[in-house]
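Participant: make a model of this:
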Amino acid sequence: MDPIAEAAARRKQNRKLKKRRKTKPRCAPPRPPKRRRKRARRSTFASPYPEARRPRAGSAGGRAGVVRGRGEVDSPYAVDSARKRRKRRLKACTRKRKHKRKPAKPRVVPQAPVPPPPAPPPPSDLRLSSPIAVYSGPFGVRQAERLLWRAGFGPSPGHAEFLAAVGLHRAVAALTRPEGPPTFTGAPPVYKAYELDTDPVIPIKPVDRYGHDHLWFLDRMIRTSQPLVERMTLVWHDWFATSNDGVGDQELMLTQNETFRRHALGRFDQLVRDVTTDGAMIVWLNQDQNAKGRPNENYARELMELFTLGADRGAYTETDVRELARALTGWRSSWSAEQLYHNFRFDPTRHDAGVKTVFGQAGRWTWEDAVRLCVGHSMHPSFFVEKLWSYFIATPPSASDRQALESLYVWSGYQVRPLLEAILLHPDLYAGQRLVKPPVVFLAGLYRRLQRTVDREDLIWQSDDAGQRLFYPPDVAGWDDTRWLDTMTVKGRWELVRRAYEGRHITGTAINAYSADETPEQALAAARAFWADPDLTPETLSILAAFAASSVPDNLTGTNRNRYRAWRQNALRMLIYASPDLQTS
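Facilitator: Numbering: from 1, shown residues only. You can find the predicted model right below:
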């Protein structure tokens, strides 16, 4: 360290200490204002009475006594006693008051009411049809939990038990066939400007405030009564990946999100039509720059490669990309500093009305024909079935299952619901490999289990650290689900659990009142009960049991016996939900 800087830092520290020592006596009179002392002029006049000078108390001339008056001299012992009395009086006056710091109030987050479970449609003996195998094993709470994680955002308290009681077919129908508009239970999403406890809560602003579009969508996942609709909205958001980094308008992104929600379980060909005319997609893939004589191939390429046919399957050629781009010409938009991109419309003067040859078929194709040609392609059903299947089941379908689902998809007129019901009834969903939960699905399920609502703005950055920021997919291919878990995102998921658990942990006076006789076995059982007894592997249970047995010393006395056991309980709850078993379903 630089000696000059070190000396400056030392002087600054000394000034702080000196300032800290100075205290004004509480019982002393106020000090008179300081007056500038005038320097006395040196006089050349000699006093004729030098012997009249009085020596100061304690000075060399006053050791034998102090002149009090004419001819009166005090004893030196009396002088010392008076000096000691003055010191004691001054010390008593300057004694600092010890202000007792009030203990911080523990933050208590109120529990939100539980949203109603998905209501199964009548009749009570409903049986869904499926062209492929149907799960025939026991359908209990564990199987209902997996269904709710795969087709929603995990179980709210009591939901898994409810669906287990109605049976597999009615449980699936409760998710795929919701009646009426969704309801949202609990307080609407809010935030605090500076995240301080004293700050007032403010309703979120999904259109105007940066990042609040993420909070808005996350809130719908947490509080909705139709979880599969929101889950399919998330699936389409990943399927037709559009990022606000390229759009720059949250209102357009929210409008697109509503389009996905409107077609969550409907016809896929109609969804592609509406996405093609969507303002956010037009800006994102430069459709407004695709005009006659200067075609832009961005949307034409992604329409085939990512949305309908798939890459490297031999479904199309580069010539098909160029010709399809010509068919998609004609879209334009307006822009202003106040409204940004708006007034999206089809302009016939910008459309290439010439003959195009797409997939070997020649014609004066328009943008509507482009959608029809892609969805009607012979290789589209296989692409659609495999991609939709991958969102719900870890292993790919067998050849026979894929062919049966392709036929169902085409026969139904490209309907999503019949295909989805067959997937949710399949044995591989309940007895097959586990799937890693996407970060926002993990977070929404955590909040549903804790009965919490969106009340903090930092959920935006924490979700981003965990690997998924809504409305900001990494590229046009969406999120890579093979990278959900790595060294950085695991830390982000831990932070999600830690912050969500705040307000539910044992703190304050509850720590000292916690049971001092809780055994490690009882502690682990209580922590599992807190999370409604989640499904944990034997390996995870043995690690948690070892931690519970070794985390509290045996030689504790007094309130430390209570405190350490309370802290152990908090740690066990955190470790359970952050364990590998709860990162998958």
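Participant: tell me how far the nearest residue to residue 367 once chain neighbours are set aside lies from residue 384.
Facilitator: Nearest non-adjacent residue to residue 367, counting by C-beta to C-beta, 6 or more residues apart in numbering: residue 328, 5.0 Å away. All C-beta atoms are positioned from the backbone trio N, CA, C, and that covers glycine. Note on residue 328: its distance to residue 384, by C-beta to C-beta, to the nearest Å, is 20 Å.
Participant: same check on residue 523?
Facilitator: The value you get for residue 523 to residue 384, if C-beta to C-beta is used, is 49 Å.
Participant: what does residue 215 give?
Facilitator: For residue 215 relative to residue 384 (C-beta to C-beta), the value is 32 Å.
Participant: state the pLDDT value of the residue nearest to residue 186 when sequence neighbours are not counted.
Facilitator: Leaving aside its chain neighbours, residue 186 sits nearest to residue 112 (3.6 Å; criterion: C-beta to C-beta, 6+ apart). Looking at residue 112, its pLDDT is 81.
Participant: same question, residue 401
Facilitator: pLDDT at residue 401 comes out at 97.
Participant: quick one on the thing from earlier: in a strand, that's where the residue nearest to residue 186 is, yeah?
Facilitator: No: applying DSSP: H, G, I helix; E, B strand; the rest coil, one finds residue 112 to be coil, outside a strand.
Participant: and it, what does it touch?
Facilitator: 185, 186, 187, 223, 451, 452, 453 (C-beta atoms under 8 Å, 6 or more residues apart in numbering).
Participant: among those residues, which one sits closest to residue 409?
Facilitator: Relative to residue 409, the closest of the contacts of residue 112 is residue 223; by C-beta to C-beta it sits at 32.0 Å.
Participant: surely the closest one and residue 113 touch.
Facilitator: No: look at residue 223 against residue 113 with C-beta atoms under 8 Å: they stay out of range, at 9.5 Å.
Participant: now the common contact residues for these two.
Facilitator: 185, 186.
Participant: which one's more surrounded, the two?
Facilitator: Looking at residue 223 and residue 113 with other C-beta atoms under 10 Å, you find the greater number of neighbours at residue 223, namely 25 against 12.
Participant: quick one: low-confidence ranges for the stretch 351-500 of the chain?
Facilitator: Scanning the stretch 351-500 of the chain for pLDDT under 70 picks out nothing.
Participant: can you give me the strands for it?
Facilitator: 356-358, 361-363 (DSSP state E, counting those that start in this stretch).
Participant: could you identify which of these is most buried?
Facilitator: strand 356-358 (a mean of 20; mean count of other C-beta atoms under 10 Å).
Participant: show me what it is packed up against.
Facilitator: Applying 3 or more C-beta pairs under 8 Å, 6 or more residues apart in numbering; DSSP states H and E, one finds that strand 356-358 contacts helix 318-327.
Participant: so which bits of the helix it packs on are buried?
Facilitator: Going by neighbour count (16 or more other C-beta atoms under 10 Å), the buried part of helix 318-327 is 320, 321, 323, 324, 325, 326, 327.
Participant: distance to residue 499 added to the residues you listed, as CSV?
Facilitator: Converted to CSV, the buried residues of helix 318-327 look like this (distance: C-beta to C-beta, whole Å):
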residue, distance to residue 499
320, 49
321, 46
323, 52
324, 47
325, 46
326, 51
327, 49
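Participant: return the closest of these with respect to residue 265.
Facilitator: residue 324 (28.0 Å).
Participant: quick one: contacts for that closest one?
Facilitator: Contacts of residue 324 (C-beta under 8 Å, 6+ apart): 300, 303, 304, 356, 358, 365, 370, 373, 374.
Participant: skipping adjacent residues, who's closest to it in space?
Facilitator: residue 300 (4.1 Å).
Participant: correct me, but the one you found touches residue 328?
Facilitator: Yes: here residue 300 reaches residue 328: they are 5.6 Å apart, a contact under C-beta under 8 Å.
Participant: need the overlap of contacts for those two.
Facilitator: By C-beta under 8 Å, 6+ apart, the residues touching both residue 300 and residue 328 are residue 370.
Participant: in a helix, the residue nearest to residue 324, correct?
Facilitator: Yes: applying three-state DSSP, one finds residue 300 inside a helix.
Participant: show me the shaky parts of the stretch 151-300 of the chain.
Facilitator: The low-confidence ranges in the stretch 151-300 of the chain, as defined by pLDDT under 70, are 195-198.
Participant: could you look up the SS state of the closest residue to residue 425 other than its chain neighbours?
Facilitator: Leaving aside its sequence neighbours, residue 425 sits nearest to residue 134 (C-beta to C-beta, 6+ apart; 4.7 Å). Three-state assignment for residue 134 (three-state DSSP): coil.
Participant: so who does residue 134 touch?
Facilitator: Contacts of residue 134 by C-beta under 8 Å, 6+ apart are 168, 425, 426, 427.
Participant: go ahead and confirm the third one touches residue 135.
Facilitator: Yes: with the criterion set as C-beta under 8 Å, residue 426 and residue 135 qualify as a contacting pair; they are 6.6 Å apart.
Participant: ok, the two, which is more surrounded?
Facilitator: A direct count of neighbours by other C-beta under 10 Å for residue 426 and residue 135 places residue 426 higher, at 22 against 19.
Participant: mind listing what that one touches?
Facilitator: By C-beta under 8 Å, 6+ apart, the contact set of residue 426 is 130, 132, 133, 134, 135, 393, 401.
Participant: list phi and psi for it.
Facilitator: Dihedral pair for residue 426: phi -70, psi 140, per degrees, to the nearest 10.
Participant: can you check residue 558 too?
Facilitator: The phi/psi pair for residue 558 (degrees, to the nearest 10) is phi 60, psi -140.
Participant: against residue 569, how distant is it?
Facilitator: In terms of C-beta to C-beta, residue 558 sits 19 Å off from residue 569.
Participant: identify the residues contacting the residue nearest the centre of the chain.
Facilitator: Residue closest to the mean C-alpha point of the chain, counted by C-alpha atoms, centre = their mean, is residue 459 at 3.3 Å. Residue 459 is in contact with 214, 215, 218, 443, 499, counting by C-beta under 8 Å, 6+ apart.
Participant: what of residue 249?
Facilitator: 280, 283, 340, 341.
Participant: and the third one, what's its pLDDT?
Facilitator: Residue 340 carries a pLDDT value of 91.
Participant: what bridges to it?
Facilitator: residue 336 (DSSP bridges).
Participant: I'd say it and residue 250 touch.
Facilitator: No: Residue 340 is not in contact with residue 250 according to C-beta under 8 Å; the separation is 10.0 Å.
Participant: higher neighbour count, these two?
Facilitator: A count of neighbours by other C-beta under 10 Å puts residue 250 above the other of residue 340 and residue 250, at 22 against 16.
Participant: spit out the contact partners of the more buried one.
Facilitator: Residues counted as contacts of residue 250 (C-beta under 8 Å, 6+ apart) are 206, 207, 208, 212, 213, 244, 471.
Participant: can you add neighbour count and distance to residue 536 and give these back as TSV?
Facilitator: Output for the contacts of residue 250, formatted as TSV (neighbours: other C-beta atoms under 10 Å; distance: C-beta to C-beta, whole Å):
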residue	neighbour count	distance to residue 536
206	21	37
207	14	42
208	9	44
212	21	36
213	24	35
244	22	38
471	22	34
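Participant: so, if you compare those residues, which one comes nearest to residue 313?
Facilitator: When the contacts of residue 250 are compared against residue 313 (criterion: C-beta to C-beta), the nearest one is residue 471, at 29.3 Å.
Participant: how about that closest one, what does it touch?
Facilitator: Applying C-beta under 8 Å, 6+ apart, we find residue 471 in contact with 213, 214, 217, 237, 242, 243, 244, 250, 253, 257.
Participant: how about the helices in the stretch 51-200 of the chain?
Facilitator: Remark: helices assigned in the stretch 51-200 of the chain by DSSP state H, counting those that start in this stretch are 76-93, 141-150, 159-166, 168-176.
Participant: between those helices, which one is closest to residue 200.
Facilitator: It's helix 159-166; of the helices of the stretch 51-200 of the chain, that one is closest to residue 200 (C-beta to C-beta) at 33.3 Å.
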